[in-house]
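Enquirer: coords please:
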Amino acid sequence: MWNELGNYALHSTKYQEAEYCFLNALETISSSHLHCSKEQKKKFIAGIYCNLGVVYQAMGEEFYEQSEKSFLNGIKEYRALPELWNNLGNLYRISEINQKALECYQECVQIDSNYAMAFNNIALLHIKQGDLYEAKFALDSALDIDKDLDSTRSNRKKLEVLFNQNEDVN
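Expert: All right, here's what the predicted structure looks like:
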């Protein structure tokens with residue numbers, strides 16, 4: 001129940017309330033005996049850490065260290081959750097730690113080669129670094145996986161504008 005309340009608060013941008021709920025979810029699940037496998041419990045705990053990391057990231061730069069710690073705690077709990085790697089990559093990308101961001105996105109794709117958003121985020125990283133051809137390849141890969149991913153379609157259109165601007169300069 002705490003996790004669901006935390007998700008509701010997160011999507012309502014009530015970040016302190018979401019933090020409270022996710023921390024309670026972690027405390028509750030750690031002390032309870034769920035009727036599931038150890039593996040499923042670890043995955044669920046990792047998902048809560050992932051949500052908590054997103055909350056801290058949304059709370060602003062002064063919470064980025066807590067966000068990173070939450071993602072890393074989730075990874076320690078269950079490495080195979082691609083959302084953890086993708087969101088940690090996003091944190092590193094916005095913190096301008098580009099190499100670590102790329103490594104996280106690559107780990108995400110290694111876990112789930114159909115995780116289109118990771119390819120989208122790899123493209124954003126390449127655009128930021130001025131490598132438009134690598135960005136195009138990554139966006140095309142994302143669209144091959146999910147042609148309806150709005151952010152990727154939008155980023156692909158923006159990339160075309162950048163390509164056209166570069167042709168005008170040359």
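
Enquirer: neighbouring contacts of the strand or helix carrying residue 85?
Expert: Element membership for residue 85 (DSSP states H and E) is helix 82-94. For helix 82-94, the surrounding residues in contact (CB atoms under 8 Å, 6 or more residues apart in numbering) are 46-47, 49-50, 53-54, 57, 64, 67-68, 71-72, 74-75, 78, 98, 100-105, 107-109, 111-112, 115, 117-118, 121, 124-125, 128. For the C-beta atoms, the positions are set from N, CA and C on the backbone; glycine is no exception.

Enquirer: tell me which residues of it are tucked away?
Expert: In terms of neighbour count (16 or more other CB atoms under 10 Å), helix 82-94 has its buried residues at 82-93.

Enquirer: what's the closest of these to residue 142?
Expert: Closest approach to residue 142 among the buried residues of helix 82-94 (CB to CB): residue 86, at 11.9 Å.

Enquirer: Roughly how far does that closest one sit from residue 132?
Expert: Distance of residue 86 to residue 132, computed by CB to CB, to the nearest Å: 22 Å.

Enquirer: Low-confidence stretches in this protein?
Expert: Along the chain, segments meeting pLDDT under 70 span 167-170.

Enquirer: picking that back up, out of the buried residues of helix 82-94, who's nearest residue 159?
Expert: Nearest member of those to residue 159, counting by CB to CB, is residue 93, at 16.5 Å.

Enquirer: hmm, back to that, for the buried ones among the contacts of helix 82-94, write the corresponding ChimeraX selection.
Expert: In ChimeraX syntax, the buried subset of the contacts of helix 82-94 is picked out as below (16+ other CB under 10 Å):
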select :46,47,49,50,53,54,57,64,67,68,71,74,75,78,101,102,104,105,107,108,109,111,112,115,117,118,121,124,125
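
Enquirer: Residue 70 versus residue 55, what's the distance?
Expert: Applying CB to CB, the value for residue 55 to residue 70 is 8 Å.
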